[in-house]
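>>> what would the 3D arrangement of this be:
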Amino acid sequence: MSNIIKAPTPGVTRKLGERIGRLLRAGDVVLLSGELGAGKTVLAQGIGRGLGVTDPIKSSSFVIMNEYEGATLRLYHADLYRLEDPEQVAELALDELAEKGVLVVEWPERAPNEMPLEHLLARLAYDGAKARTIEIEGVGARYEALARRAEPKSK
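Got it, this is the predicted structure:
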């Protein structure tokens, strides 16, 4: 089950992330896929905001994993763009981290065999110069429900 959401501005992308972040609980996994500049980090920033993270969330060039303290949950933000060997992801023990908080992974396609089978997947794509489309897909019953609840009420 998937929903396609139009995001004409980064603010709309961030608001969607906030809505998703407020729905998440410990153990949840969100995968963010899309080309460079498609808005993955902006969506992650919104998720962090929804979790109550006050520190700036950024896409780091050299660190694969960043941790942020939220109001009630810790956010684990992995950016696999610079990953050279998918086995490096196995060393991160993402499944164990997800149990302790919320795991958000940018570029999950860099290590597909290391991603949890059940997850919320956001595919971001360009839709014009600044606009984006965001396809939200839930894989597994919990995440299918999350995908439905994440969709904006007004269309």
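>>> now the longest helix anywhere in the chain, how far from the chain's geometric center?
Longest helix of the chain, by residue count under DSSP state H: helix 10-23. Remark: helix 10-23 is offset 10 Å from the chain centroid, using C-alpha atoms, centre = their mean, to the nearest Å.
>>> next secondary structure after it?
Sequence order places strand 29-34 as the next helix or strand after helix 10-23, per DSSP states H and E.
>>> that next one pairs with which strands, parallel or anti?
Here strand 29-34 has these sheet partners by DSSP bridges: strand 101-106 (parallel), strand 119-126 (parallel).
>>> per-residue confidence averaged over the first one?
In this case it means strand 101-106. Strand 101-106 carries an average pLDDT of 94.
>>> what about the strands in this structure?
Along the chain, counting by DSSP state E, strands occupy 2-7, 29-34, 65-69, 74-79, 101-106, 119-126, 132-139.
>>> just name the most buried of those strands.
strand 101-106 (a mean of 27; mean count of other C-beta atoms under 10 Å). In this view, the C-beta of every residue, glycine as well, is placed from N, C-alpha and C.
>>> for it, the distance to its chain's centre please.
6 Å.
>>> now swap in stretch 78-92 and tell me
16 Å.
>>> swap in stretch 120-128?
For stretch 120-128, the distance to the chain centre is 11 Å (C-alpha atoms, centre = their mean).
>>> cool, stretch 39-53 as well?
The answer for stretch 39-53 is 8 Å, by C-alpha atoms, centre = their mean.
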